[in-house]
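Novice: Sharing a model prediction with you, sequence too.
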Amino acid sequence: MSQSCPRCISCREYGYNTIIMKKKISALMSNSRNLVIIQWSIPAALAVSAILVELLEHKLEGDLHFDGLFLVELLTFGFFGPLIVAGIIIYLRRLVSDELKMAHELQVLNEKLEARVEERTAELEKSNNELLQANTELMKLDELKSEFVSLVSHELRAPLTALNGGLEVAMQSADTLPEKSREVLEIMVGESNRLTAFVQSILDVSRLDAGQMDIVLGPVAVRPLMEQAASVVLASTQREADWHITPDLPPVLADETYLEQVARNLIRNADKYSKKNRPIHICASLENNHVRIGIKDHGPGINAIQREHIFDRFTRLNNNESAPPGWGLGLYLSQKLIAAQNGKIEILSPIWDDEENPGSEFYLFLPIVQAPEELT
Ligand code: ADP
């Protein structure tokens, strides 16, 4: 049984061609058989009729003598004429049988080709099924892994909250502790905060991947949100923020909590990856029904190849010991969160005429809240 794929046009055309070829071969075979029959019968009939006509003609003329002229006529019309006709028919029959031979060879080739196509189609189908099965298994494994990671992160969150609470209480009386103990306590607070942030990021990633992030869109004022994010991030650093926010910006349609999370992440990165004593520039302006929020730094810059992968999970451009701590999840999360709020996040780099610190700008585009009359 032919296993040609039902939707593939080439296979259907191939099937039609095979049928046409078979019909052609059977027509050629019957032509060839007919030519064998007429190859001798027509010349024989011609010879007999020519001889009879000659005899009749000479008889009617009363001149039935087998002289030279009569013999020449008999030979010409009764022998050579039919012989030439027989030659032509033989020649035609050869042509037909050559064509028949070629068509037959072609059919054999066609059948071989069809068998190979069937064989390959079956092989392809088999590997397709195997791939599908492997994919399903991988997806199951991925789901299991996500569930496991999410479970572990959940389980870690409660003890971490208790630990952070205890450390906070201990920090309140840190002044009374000997210097060495205070230093250890401060390290513990730092590490505990880092671990908490990591666990939170992992939980966010699992929730995002599972489509369980509850994004609630509403009007959000850009300036207060950016000021809040910058004050939280820059509180523990000496870094200055340089503000360029257009006055009276309309509110954007976004989720306040998640937008602040993204803003904090971008400002934290600008701080982490820039030289000390250089400010972070925070800008916002209106562009075609969108607010463009930009965070510019004086860092090492991000080239075109790096920009292609920087939003991928666990991507870090520099992972050696001297690199600031991180897990390569912040930008992945930020991009997903901004996309979920109908916005986009992009990068410009270099942005300064400074070879050592060409800097980069991460900017967000978010739709503004449309007034009801603008919507109609
Ligand atoms: P993390 O900072 O935790 O590593 P991110 O996803 O926030 O994770 O950033 C991914 C990588 O992108 C960082 O490791 C860093 O190499 C690079 N990066 C992010 N922001 C900047 C920036 N402003 N300037 C230069 N490189 C940056």
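Specialist: On my side now, so go ahead.
Novice: So which other helices or strands are in contact with the longest helix seen in the chain?
Specialist: Across the chain, the longest stretch assigned as helix under DSSP state H is helix 81-172. Helix 81-172 sits against helix 9-60, helix 179-209, with contacts defined as 3 or more C-beta pairs under 8 Å, 6 or more residues apart in numbering; DSSP states H and E. Backbone N, C-alpha and C define where each C-beta goes, glycine included.
Novice: Give the full set of residues in contact with residue 154.
Specialist: Counting by C-beta atoms under 8 Å, 6 or more residues apart in numbering, residue 154 touches residue 203.
Novice: per-residue confidence at it?
Specialist: According to the prediction, residue 154 has pLDDT 83.
Novice: For this structure, list the residue farthest from the centre, please.
Specialist: Distance from the C-alpha centroid of the chain peaks at residue 62, with 97.9 Å (C-alpha atoms, centre = their mean).
Novice: Look at it and tell me its secondary structure.
Specialist: The local conformation at residue 62, judged by DSSP: H, G, I helix; E, B strand; the rest coil, is coil.
Novice: Torsion angles phi and psi at it?
Specialist: phi 70, psi 30 (degrees, to the nearest 10).
Novice: ok, residue 43 - how many residues close by?
Specialist: By the measure other C-beta atoms under 10 Å, the count of residues near residue 43 is 21.
Novice: mind starting the numbering at 732 from now?
Specialist: Understood, numbering begins at 732; the last thing we discussed is residue 774.
Novice: Hmm, it is touching residue 811, no?
Specialist: No: at 10.5 Å, residue 774 and residue 811 do not qualify as touching, with contact defined as C-beta atoms under 8 Å.
Novice: Need the pLDDT of residue 782.
Specialist: 87.
Novice: and the stretch 982-1107 of the chain, which of its residues are near the ligand?
Specialist: Proximity of the stretch 982-1107 of the chain to the ligand, by C-beta under 6 Å from any ligand atom, involves residues 996, 1000-1001, 1004, 1028, 1030-1031, 1033, 1041, 1046-1049, 1057-1063, 1091.
Novice: Would you verify that residue 1098 is located in a helix?
Specialist: No: read with three-state DSSP, residue 1098 is strand and lies in no helix.
Novice: State the distance from it to the ligand.
Specialist: Separation of residue 1098 from the ligand (C-beta to the nearest ligand atom, to the nearest Å): 24 Å.
Novice: same deal with residue 973?
Specialist: 15 Å.
Novice: helix/strand/coil for that residue?
Specialist: With three-state DSSP as the basis, the three-state label of residue 973 is strand.
Novice: burial count for it?
Specialist: The number of residues near residue 973, taken as other C-beta under 10 Å, comes to 11.
Novice: That one touches residue 1010, doesn't it?
Specialist: Yes: look at residue 973 against residue 1010 with C-beta under 8 Å: they come within range, at 4.4 Å.
Novice: Could you list the low-pLDDT ranges of the stretch 782-931 of the chain?
Specialist: Within the stretch 782-931 of the chain, no range satisfies pLDDT under 70.
Novice: The stretch 932-1081 of the chain now?
Specialist: Using pLDDT under 70, the stretch 932-1081 of the chain has no residue that qualifies.
Novice: which residues in it form strands?
Specialist: Along the stretch 932-1081 of the chain, counting by DSSP state E, counting those that start in this stretch, strands occupy 949-951, 972-976, 983-985, 1011-1018, 1021-1027, 1075-1079.
Novice: Let me know which of these is tucked in deepest.
Specialist: strand 983-985 (a mean of 25; mean count of other C-beta atoms under 10 Å).
Novice: what does that strand contact?
Specialist: Counting by C-beta under 8 Å, 6+ apart, 948-951, 953, 990, 1022, 1072-1074, 1097-1101 sit against strand 983-985.
Novice: Pick the one among the residues you listed closest to residue 902.
Specialist: The shortest approach to residue 902 among the contacts of strand 983-985 belongs to residue 990, at 30.2 Å (C-beta to C-beta).
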